[in-house]
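Asker: A structural model of the following input is requested.
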Amino acid sequence: MFELSHPWALALLVLPLLMRLVPAYKESRDSVKVPFFNTLVELSEERPQEGAMLLQRDRIQYFLVAFMWLCLVIAAAKPQWVGEPIEQQKSGRDLMVAVDLSGSMQTQDFTLPDNSTVDRLEAVKYVLAELAQKRKSDRLGLIVFGSAAYLQTPFTEDHLVWEKLLTETEIGMAGQSTVFGDAIGLSIKLFNDGGSDNRVLIILTDGNDTGSIVPPIDAAKVAAANDIRIYTIAIGDPASIGEEAMDIKTIKRVSEVTGGQNFEALNRDELLAAYRAIGQLEPELYETISFRPKLSLHYVPIAIAAGLYLLYHAWSALSVWLRRKKQHAA
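Answerer: Model (predicted):
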């Protein structure tokens, strides 16, 4: 359908009526007094006139002036064609995955469907590949952490790129320690930069925090204040000791503070079940955007006005040329 973007511009249509209140423009011309005036009048076949002369337009000129003004005012009102509504669905959730790349992730205690034994990181990659395929409505991000936390992939709707960068991660590339709290802190910053209202963080770790600037529980409280839900997945044997020991109490507390949930995965099946449980807790979410395409048509009345202007003057010039040619022939 048609609509005017600036309908108030139609008020300019009355402007020519106001011009009638303005007195006619007077122009003085120089004249030459000659002693042979009568002879000059006879030779030129002109008749002398006295007083001021008011130029008058013919009907065609009146029509053209009025119609061209109408075209220019309509163009100023910016007519446009508005199409049918178009709805688009966009990602409704930012989902950040934080993966522990400390040295303990190289422990080979996970099996794949083909019965091959792989380390913990490979098992995580296998399960996250399914996550990337099924969470098409989410913008995915990836953080890797060890001795420090690093952004591997910013939030993106291109899950193929996200999965590719995940496969390029290696054990120890972020250091051998586990800065659990710093990974949460980095995710908070990225969520705030992203601007989404629905924020979920999934953290996979097989160790305890070893020197974060902000303790994990304190970082979780800040995350909760920023409406971020954290789901933690403890990978490996909870009975491990030393630097590889898991602080299950802290891991669970991090999830509880933010309204999330904690899972323990001792094998691939439990890890896969944890992700599917998170999928049920955080179903796919879409945001629908509706808009109507608009095509501006302001150039149409301008083109019509310009075309009539050129046509009229071309016709006038042709008429004068034919008249002079006829007079010359006579």
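Asker: average pLDDT for stretch 275-290?
Answerer: This predicted structure assigns stretch 275-290 an average pLDDT of 68.
Asker: Stretch 139-149 now?
Answerer: 90.
Asker: Distance from it to the middle of the chain?
Answerer: A distance of 26 Å separates the centroid of the chain from that of stretch 139-149, by CA atoms, centre = their mean, to the nearest Å.
Asker: try stretch 65-85
Answerer: Taking the mean C-alpha point of stretch 65-85 and that of its whole chain, the gap between them comes to 29 Å (CA atoms, centre = their mean).
Asker: domain ranges for this structure?
Answerer: Here the chain is described, according to automatic domain parsing, as comprising the domains 2-84+294-329, 88-289.
Asker: Mean neighbour count added to those, as JSON lines?
Answerer: C-beta: built from backbone N, CA, C; applies to glycine. Formatted as JSON lines, the entries for the domains of the chain read as follows, by neighbours: other CB atoms under 10 Å:
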{"stretch": "domain 2-84+294-329", "mean neighbour count": "11"}
{"stretch": "domain 88-289", "mean neighbour count": "18"}
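Asker: all helices for this protein, in order.
Answerer: Per DSSP state H, the chain has helices spanning 15-19, 37-44, 59-76, 120-134, 159-167, 180-194, 216-225, 248-258, 268-281, 299-329. These are given in chain order.
Asker: Point out the one among those that comes closest to residue 99.
Answerer: Set against residue 99 and scored by CB to CB, the helices of the chain come closest in helix 120-134, at 6.1 Å.
Asker: neighbouring contacts of that closest one?
Answerer: The set of residues that contact helix 120-134 without belonging to it, under CB atoms under 8 Å, 6 or more residues apart in numbering, is 97, 99, 101, 104-110, 112, 118, 140, 159-160, 162-163, 166-167, 169-171, 204, 206, 235-236, 268, 271-272, 275, 279.
Asker: what do you get for stretch 11-24?
Answerer: With CB under 8 Å, 6+ apart as the criterion, stretch 11-24 contacts 54, 65-66, 69-70, 73, 76.
Asker: for the stretch 151-300 of the chain, which spans come out with low pLDDT?
Answerer: In the predicted model of the stretch 151-300 of the chain, residues 207, 236-246, 267, 283-290 satisfy pLDDT under 70.
Asker: er, the stretch 1-150 of the chain actually
Answerer: Across the stretch 1-150 of the chain, residues meeting the criterion (pLDDT under 70) sit at 24-25, 27, 29, 31-32, 45-57, 87-92, 109, 112.
Asker: how about a cut-off of 80?
Answerer: Per-residue confidence of the stretch 1-150 of the chain (counting by pLDDT under 80) places the weak regions at 1-2, 19-59, 85-93, 103-105, 107-118, 131, 134-137.
Asker: between the contacts of stretch 11-24, which is nearest residue 28?
Answerer: Closest approach to residue 28 among those (CB to CB): residue 54, at 14.2 Å.
Asker: ok, now which ones touch residue 200?
Answerer: Taking CB under 8 Å, 6+ apart as the criterion, residue 200 is in contact with 93-96, 228-231, 260, 282.
Asker: That should have said residue 264, apologies.
Answerer: Taking CB under 8 Å, 6+ apart, we find residue 264 in contact with 233-234, 238, 248, 270.
Asker: returning to what we had before: output the helices of the chain in CSV, with distance to residue 152 appended to each entry.
Answerer: Compiled in CSV, those are given as follows (distance: least, CB to CB, whole Å):
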stretch, distance to residue 152
helix 15-19, 64
helix 37-44, 95
helix 59-76, 53
helix 120-134, 12
helix 159-167, 6
helix 180-194, 11
helix 216-225, 19
helix 248-258, 21
helix 268-281, 18
helix 299-329, 49
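Asker: and of those, who's closest to residue 149?
Answerer: Ranking the helices of the chain by their distance to residue 149 (criterion: CB to CB) puts helix 180-194 first, at 4.3 Å.
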